[in-house]
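1. coords please:
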Amino acid sequence: MIFNKVKITHKTIVDKYLTIIAILSSIATLASLFGAIPDEYKFVAGIGFIICLVILYICLWIWANNLQDIKIDIEGSEVIIKAGDIFEQEGLKVIAFNEYFDTRVDDKIISSKSLNGIFINKYFENNVFKLDDLINGYTFEDENKLENNTHRQEGKKQKFKIGTIFLHEDFILTAFSKFDDKNRAILTMPEYLEFLIKFWDEINRVYAQKSVTVPIFGSGITRIKEHKNISDEELLKIMLWTFRISEMRFKYPAKLTIVIHKDKIDKVNLLDIQMAKNGL
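-> Take a look at the predicted model:
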């Protein structure tokens with residue numbers, strides 16, 4: 001169990017506690033109308049009641065620290081944030097690639113432990129050329145295809161605008177990170193925001209009333225310049241904010257799900273996200 005994400009004096013915990021206290025007080029008042037507690041038991045009953053209240057508060061605090069999922073409404077769209085495996089979700093699942101849509105999992109260009117590395121090995125392990133053919137044959141809008149980087153020594157040459165997507169069956173591949181000359185995934189914060197705005201616009205164009213699941217973009221090995229210590233929670237808040245200001249809206253029953261890896265959920269205060277939803 002985790003006990004350090006949410007402070008014991010968190011306003012939401014206090015508010016929930018006071019609400020429960022009010023309900024219990026009403027029940028106790030009604031009970032007193034039907035029968036009084038004998039004098040010899042009043043002290044014990046009082047101590048027991050206080051102990052129960054303390055236990056109740058501690059239980060609320062533990063619940064807040066171990067929250068695994070929340071549901072919020074953003075401009076009429078249902079958004080679920082939860083711990084889980086993106087490959088097990090319904091609807092369309094988004095996998096972040098680099099700006100070249102590289103497919104070579106060699107722990108140089110693509111790490112086998114990264115989400116796109118896992119995706120390639122899981123679905124195209126012995127036939128990565130099929131994925132290359134699918135990407136090469138996909139009709140990208142002209143504005144999304146940038147220059148050919150003929151100076152690149154390893155990997156593909158065709159560069160795409162970040163936020164560009166490739167749709168294949170239940171998966172959406174998106175050009176997320178830029179690569180430097182050493183094949184390191186990097187982005188500046190303005191580029192990160194540019195990606196998200198472009199990405200939500202692209203999703204709005206292709207989702208076709210299906211639910212969409214995304215990871216926390218930037219949570220992996222991508223380096224965000226001058227923000228190397230940015231947390232997953234901060235990235236999540238940026239994603240939600242850009243979703244809110246975009247024109248992307250999911251019509252019921254379609255919804256947006258943001259999946260957080262189970263090993264990282266302990267670093268994200270979902271209670272704060274839920275509480276601050278109107279201020280995103």
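2. my guess is Ala254 contacts Thr213, does it?
-> No - at 11.2 Å, Ala254 does not count as touching Thr213 under the criterion of Cβ atoms under 8 Å. C-beta here means a position set from N, CA and C on the backbone, and glycine is covered the same way.
3. Between these two, which is the more surrounded one?
-> Neighbour count, other Cβ atoms under 10 Å: between Ala254 and Thr213, Thr213 has more, with 24 against 17.
4. And what about that one, helix, strand or coil?
-> On the three-state scheme (DSSP: H, G, I helix; E, B strand; the rest coil), Thr213 is labelled strand.
5. Could you list which residues are in contact with it?
-> Counting by Cβ atoms under 8 Å, 6 or more residues apart in numbering, Thr213 touches Ile86, Gln89, Glu90, Gly91, Leu92, Lys93, Val94, Leu256, Thr257, Ile258, Val259.
6. sorry, back to before: need the residues touching each of Ala254 and Thr213.
-> By Cβ under 8 Å, 6+ apart, the residues touching both Ala254 and Thr213 are Gly91.
7. which parts of the helix or strand encompassing Phe129 are buried?
-> Assigned by DSSP states H and E, Phe129 falls within helix 128-137. Residues of helix 128-137 classed as buried under the neighbour-count rule (16 or more other Cβ atoms under 10 Å) are Leu131, Asp132, Leu134, Ile135.
8. what do you get for stretch 214-226?
-> Buried residues in stretch 214-226 (16+ other Cβ under 10 Å): Val214, Pro215, Ile216, Phe217, Gly218, Ser219, Gly220, Thr222, Ile224.
9. Now that the second one has come up, it's in contact with Gly84, right?
-> No - judged on Cβ under 8 Å, Pro215 makes no contact with Gly84 at a distance of 10.3 Å.
10. which residues are in contact with both of these two?
-> Val259, Ile260.
11. tell me the mean pLDDT over stretch 108-125?
-> Computed over stretch 108-125, the mean pLDDT rounds to 92.
12. For Ile72, which residues are in contact?
-> Val79, Ile81, Ile273, Gln274, Lys277.
13. what's the closest of those residues to Glu247?
-> Val79 (15.5 Å; Cβ to Cβ).
14. show me the contacts for the closest one.
-> Here Val79 is in contact with Lys71, Ile72, Asp73, Leu240, Phe243, Lys255, Leu256, Thr257, Ile258 (Cβ under 8 Å, 6+ apart).
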